[in-house]
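Participant: okay, structure incoming, though there's no sequence with it:
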């Protein structure tokens, strides 16, 4: 009897302790506290299939709901491959390529859908290893070598975060020589401090087709590096094209409606226009006049919905700042880096 009472006393103490821990533990964020950024709807490009909503931004997550094409949704978070949407009192996650027509609820304070602002960048002085998680034991996504350039969204707990295709990539800042700042506003920009940067990643295999594609990225980047006066329009096809052998372009794989098509002169130039588009998205003084995505499939080297076709289609924007800007690019080791500077 005495041992039973002792066990009951121990159990009671444990129950009380657990209750106290739960009482003081931080509660999970409620969906109601999340600000709705965009209204959108489930894509109608897949008219005969429903779209899953998961409990985490990963296809391995638990399916919480299925949506029919055209169902209205409210977006509260945007990640490279998923959007967080309101689902009752929870946040559920839907693949970005399964949504359409996102519209900001607050046009003044909410950036255009998919805008990814880079606050830092660096030029490698030694190998830069980009990992799939903020953990040195995680998968290596790509290794950049001396001279390569890469931009970062932010830094948290010693890890700099970038976007690698349709996921986040992480770099241990202790391995970097320094992190340079992107100007926090256009007023802080100079001919040495960029006002916006972005980079996309490409395959570095040594196949003939891929070598030709890398050549086209280099040529396109060189032709892209121009100065734009106030009011001047940048017509990508006219400035960076024509995509011909006479301009140094080679036949390589190109995207048509999101699918790879081989032996296109200038294949890969769309990655230059798409990366530039992601720089332009960050600047309110640059006005996009014409832009077309690569069909419903998008371009896999970028998060869905932020690509810009060239060639048969086109990307055009105008400098509406009252100062000139300089476009620059750098192609090396799998990183296509584009930056914009304020010319004083």
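Facilitator: On my side now, so go ahead. These numbers come from a predicted model, not from an experiment.

Participant: how much space between residue 123 and residue 183?
Facilitator: According to CB to CB, to the nearest Å, residue 123 and residue 183 sit 17 Å apart. (C-beta placed from N, C-alpha, C; glycine too.)

Participant: how about residue 94?
Facilitator: 34 Å.

Participant: if you count what's nearby, which of those two comes out ahead?
Facilitator: residue 94 (24 against 16; other CB atoms under 10 Å).

Participant: for the stretch 201-344 of the chain, just list every one of the strands.
Facilitator: Applying DSSP state E, counting those that start in this stretch to the stretch 201-344 of the chain gives strands spanning 227-228, 233-235, 251-256, 259-265, 286-290, 316-319, 325-332, 335-342.

Participant: swap in the stretch 1-150 of the chain?
Facilitator: According to DSSP E, counting those that start in this stretch, the strands that the stretch 1-150 of the chain contains are 38-42, 51-54, 63-67, 72-78, 82-87, 90-95, 99-104, 120-123, 128-131, 140-144, 149-152.

Participant: in JSON lines: these, plus distance to residue 304.
Facilitator: Converted to JSON lines, these look like this (distance: least, CB to CB, whole Å):
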{"stretch": "strand 38-42", "distance to residue 304": "12"}
{"stretch": "strand 51-54", "distance to residue 304": "13"}
{"stretch": "strand 63-67", "distance to residue 304": "17"}
{"stretch": "strand 72-78", "distance to residue 304": "11"}
{"stretch": "strand 82-87", "distance to residue 304": "10"}
{"stretch": "strand 90-95", "distance to residue 304": "8"}
{"stretch": "strand 99-104", "distance to residue 304": "9"}
{"stretch": "strand 120-123", "distance to residue 304": "24"}
{"stretch": "strand 128-131", "distance to residue 304": "20"}
{"stretch": "strand 140-144", "distance to residue 304": "18"}
{"stretch": "strand 149-152", "distance to residue 304": "19"}
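
Participant: what comes into contact with stretch 145-157?
Facilitator: Here stretch 145-157 makes contact (CB atoms under 8 Å, 6 or more residues apart in numbering) with 116-128, 130, 134, 144, 160-163, 171, 173, 179, 182, 197-199, 330, 332-335, 337.

Participant: what's the burial count for residue 207?
Facilitator: Residues near residue 207, counting by other CB under 10 Å: 10.

Participant: actually residue 280, sorry about that
Facilitator: Applying other CB under 10 Å, I find that residue 280 has 25 neighbouring residues.

Participant: picking that back up, let's see the PyMOL selection covering just the buried ones among the contacts of stretch 145-157.
Facilitator: Remark: buried members of the contacts of stretch 145-157, expressed as a PyMOL selection using 16 or more other CB atoms under 10 Å:
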select buried, resi 116+118+119+120+121+122+123+124+128+130+134+144+160+161+162+163+171+173+182+197+198+199+330+332+333+334+335+337
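
Participant: and the pLDDT for residue 199?
Facilitator: As predicted, residue 199 sits at a pLDDT of 97.

Participant: contact partners for it?
Facilitator: Neighbours of residue 199 in contact, by CB under 8 Å, 6+ apart: 149-151, 162, 275, 335-338.

Participant: same question for residue 96.
Facilitator: Applying CB under 8 Å, 6+ apart, the residues near residue 96 are 78, 80-83, 166, 303-305.

Participant: pull the most distant pair out of the contacts of residue 199.
Facilitator: Largest separation among those by CB to CB: 162 and 338, giving 14.0 Å.

Participant: how many other residues sit next to the closest residue in space to residue 63 that isn't next to it in sequence?
Facilitator: The shortest distance from residue 63 to any non-neighbouring residue, by CB to CB, 6 or more residues apart in numbering, is to residue 52 (4.9 Å). By other CB under 10 Å, the residues close to residue 52 number 18.

Participant: just checking, residue 52 touches residue 94?
Facilitator: Yes. Applying CB atoms under 8 Å as the test, residue 52 and residue 94 come out as touching, 7.4 Å apart.

Participant: tell me where the chain is predicted with low confidence.
Facilitator: Applying pLDDT under 70 to the chain flags residues 1-32, 255-262.

Participant: how does it look with 80?
Facilitator: 1-33, 206-209, 253-263, 295-297, 312 (pLDDT under 80).

Participant: helices of that one, start to end?
Facilitator: 2-24, 208-224, 236-240, 269-280 (DSSP state H).

Participant: quick one: residue 230 and residue 190, what's the gap?
Facilitator: 17 Å.

Participant: would you map out the domains in this structure?
Facilitator: Following automatic domain parsing, one gets these domains for the chain: 31-104, 120-342.

Participant: tell me the gap between the first one and the middle of its chain.
Facilitator: Going by CA atoms, centre = their mean, to the nearest Å, the spacing between the C-alpha centre of domain 31-104 and its chain's C-alpha centre is 17 Å.

Participant: swap in stretch 209-217?
Facilitator: That offset, for stretch 209-217, works out to 22 Å (CA atoms, centre = their mean).
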